[in-house]
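[1] This is a predicted model, with the sequence first.
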Amino acid sequence: MPRVCHFTGARTQVGNSITTRGKAKYLGGVGTKVTGITRRTFRPNLQTLNAVIDGVPRRIKVKATCIKKGWIVKPSKRKYTYTRKLNAEG
């Protein structure tokens, strides 16, 4: 399972980590200088949980912000609620 949000499609992004030295001008120094640039990854805060997708409970990876926004419908604690519906339809 890839590290991708099911709803937003957010995935790992690549950027730079910049190391500086010196004192900032607004603090009375001559300014900061860049001493190194290193590649790094920015990973989304993904959580694996059970959710109802198209009426069927599934395990998916979702960003924490999607959980906070209430985009996830949690399945019932009891399995028989789904089996009754499936048996009634087919």
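    Received it, and whenever you're ready, just let me know what you need. Bear in mind that the values here come from a model prediction, so they are computed numbers and not experimental data.
[2] where does the nearest residue to Gly22 once chain neighbours are set aside land on pLDDT?
    Once flanking residues are discounted, Gly22 sits nearest to Thr32: 4.4 Å by C-beta to C-beta, 6 or more residues apart in numbering. C-betas here are computed from N, CA, C, even on glycine. If you check Thr32, the pLDDT there is 96.
[3] cool, and Pro2?
    88.
[4] That one contacts Arg11, correct?
    Yes - Pro2 lies in contact with Arg11 (C-beta atoms under 8 Å); the separation is 7.3 Å.
[5] which of the two has more neighbours?
    Neighbour tally, Pro2 and Arg11, criterion other C-beta atoms under 10 Å: the higher count belongs to Arg11, 13 against 6.
[6] does that one have beta-bridge partners, and which?
    Legend: beta-bridge partners of Arg11 under DSSP bridges are Val4.
[7] mind showing which ranges of this structure have poor pLDDT?
    For the chain, the stretches flagged by pLDDT under 70 are 1, 79-90.
[8] Show me the strands in it, by range?
    Assigned by DSSP state E, the chain shows strands spanning 13-21, 33-42, 46-53, 56-63.
[9] Just say which of those strands is most tucked in.
    Each of the strands of the chain was given a mean neighbour count from mean count of other C-beta atoms under 10 Å, and the largest, a mean of 16, is that of strand 56-63.
[10] orientation of that one relative to strand 46-53 in degrees?
    Relative orientation of strand 56-63 versus strand 46-53 (axes from the mean of the first three to the mean of the last three C-alpha atoms, to 10 degrees): 150 degrees.
[11] Would you give the sheet partners of strand 56-63, along with the direction of each?
    Strand 56-63 has its sheet partners listed here by DSSP bridges as strand 46-53 (antiparallel).
[12] Can I get the strand it pairs with in PDB, CA atoms only?
    The C-alpha trace of strand 46-53 is given here as PDB (Å, rounded to 0.1, in the frame of the first residue of the first chain):
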ATOM      1  CA  LEU A  46      -1.200   9.500   7.300                       C
ATOM      2  CA  GLN A  47      -3.200   7.300   9.600                       C
ATOM      3  CA  THR A  48      -4.500   3.800   8.700                       C
ATOM      4  CA  LEU A  49      -8.100   3.200   9.700                       C
ATOM      5  CA  ASN A  50     -11.300   1.400   8.800                       C
ATOM      6  CA  ALA A  51     -13.800   3.500   6.800                       C
ATOM      7  CA  VAL A  52     -16.900   2.800   4.800                       C
ATOM      8  CA  ILE A  53     -16.200   3.300   1.100                       C
END
